[in-house]
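Asks: Generate coordinates for the sequence data below:
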Amino acid sequence: MLRFILVLSLLVSGRFAFSQSISGSWFGKADVVVQGVYNNYLTELVLKQRGNEVEGVFGYYFKDTYQSFFVRGTYNKETRAVRIKNLPFIFYRSRSTVNGAECMMDFEGTLRVSQVKSSLNGSFVTIDKYKYTCPEMRVSFNLDVSTKNLDSMLSNSIVGKKFWMPQREDVVVKASAPLVNGSPNTTTIAPAKITDSAIDFNERNLVAQFTRRKIVYIKDLEIASDSIRVSLYDNGEIDGDTVTVFLNGKPVIAHQELTARAMNIYLTLDNSKDVNEVSLFAENLGRIPPNTALMVVTDGISRFEVFLSSSYTQNATVRIKKRISRH
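Replies: Predicted coordinates for the structure are as follows:
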């Protein structure tokens, strides 16, 4: 009986300690609190807690731009409230993300833990200087339970602003984006004036090969955002599998080797289509056929894992449909 009570107390105390921690990798979707239809912000937050303080990296994807920043904030263990000040957001009605106005906002959220999931619910609140211009944005972050090593994730984070210039493992792509060529260590877009014809030929060649193969639909996903993050890993032994990713029949990133480390692609979906299709085209089968990959799709609210297998005769494809809001 004494042993049972001891084990039970350890389990309860362990769960309580876990529930009090804000440390982790969080993903969410921020919606502007105004009437009308506007692009939402696909957001990510990687935090490490030290006592009543937190630090980490905050990032968001809006239209064609991904931005990320080192952040510091506070966490109240008793109320489970977290606050991070002075986060710059591109103004939600900006026509251009290159030189659009920015709104400085504070994040205020509350940690909620249940047996099902952990969430961080709150708002990005406009500071006084911008309160008549920039509306509040509501967000609900979910904990990515698959993240194991926060220190490694934070040390490898790329902080900055990207305008169509993908960095190592963060690729920003629109539905009608130009073809991007890459490898595990370099991902670049060649200057258009010099290599337009080469890119056009490469794209036509890839499309011709793609259309000759059978489309195999693996899974249908319903998402709630205008954009998604697609992370690709080699699903089996790391054996040199190389792929091209297609969005609606057009290549968006080519010649990419799959490894145990994520290749992240941020895609803006085509809202004129009822269904968007993301396909994996095998360029080789590695040392161990077929070409296999784990695709993780995040829309800011939900996280989907899809196992894909492609070959020289078929393209593994995921169909993505925008969820209709019931509000």
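Asks: how about the helices in the stretch 151-300 of the chain?
Replies: Assigned by DSSP state H, counting those that start in this stretch, the stretch 151-300 of the chain shows helices spanning 192-212.
Asks: so what pLDDT did Tyr114 get?
Replies: Careful, residue 114 is Ser; it's not Tyr. If you check Ser114, the pLDDT there is 83.
Asks: I figured Thr74 was touching Arg80, is that so?
Replies: No: the criterion here is Cβ atoms under 8 Å, and Thr74 misses it with Arg80 at 11.9 Å. Every C-beta, even on glycine, is put in place using the N, C-alpha and C of the backbone.
Asks: and those two? which has more neighbours close in?
Replies: Remark: of Thr74 and Arg80, Arg80 carries more neighbours, 17 against 13, as counted by other Cβ atoms under 10 Å.
Asks: What backbone torsions are found at the more buried one?
Replies: phi 60, psi 30 (degrees, to the nearest 10).
Asks: Please tell me how far Tyr75 sits from Asn52.
Replies: 6 Å (Cβ to Cβ, to the nearest Å).
Asks: Compare those two (neighbour count), which wins?
Replies: The neighbour count for Tyr75 versus Asn52, taken as other Cβ under 10 Å, is higher for Tyr75 (23 against 10).
Asks: which residues does the more buried one bridge with?
Replies: Beta-bridge partners recorded for Tyr75 (DSSP bridges): Val82.
Asks: dump the residue contacts of it.
Replies: Tyr75 sits next to Ile22, Gln49, Asn52, Glu53, Val54, Ala81, Val82 when contact means Cβ atoms under 8 Å, 6 or more residues apart in numbering.
Asks: give me that answer again for 10 Å
Replies: By Cβ atoms under 10 Å, 6 or more residues apart in numbering, Tyr75 lies in contact with 20-23, 47, 49-54, 81-84, 109, 111.
Asks: Mark which of those are buried, thanks.
Replies: Among those, those classed as buried by 16 or more other Cβ atoms under 10 Å are Ser21, Ile22, Ser23, Leu47, Gln49, Val54, Val82, Ile84, Gly109, Leu111.
Asks: Adding distance to Ser123, pLDDT and secondary structure, write these out as JSON lines.
Replies: Output for the buried ones among the contacts of Tyr75, formatted as JSON lines (distance: Cβ to Cβ, whole Å; pLDDT from 0 to 100; DSSP: H, G, I helix; E, B strand; the rest coil):
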{"residue": "Ser21", "distance to Ser123": "22", "pLDDT": "84", "secondary structure": "coil"}
{"residue": "Ile22", "distance to Ser123": "17", "pLDDT": "90", "secondary structure": "coil"}
{"residue": "Ser23", "distance to Ser123": "22", "pLDDT": "91", "secondary structure": "coil"}
{"residue": "Leu47", "distance to Ser123": "17", "pLDDT": "91", "secondary structure": "strand"}
{"residue": "Gln49", "distance to Ser123": "21", "pLDDT": "92", "secondary structure": "strand"}
{"residue": "Val54", "distance to Ser123": "17", "pLDDT": "92", "secondary structure": "strand"}
{"residue": "Val82", "distance to Ser123": "12", "pLDDT": "96", "secondary structure": "strand"}
{"residue": "Ile84", "distance to Ser123": "12", "pLDDT": "95", "secondary structure": "strand"}
{"residue": "Gly109", "distance to Ser123": "8", "pLDDT": "96", "secondary structure": "strand"}
{"residue": "Leu111", "distance to Ser123": "14", "pLDDT": "95", "secondary structure": "strand"}
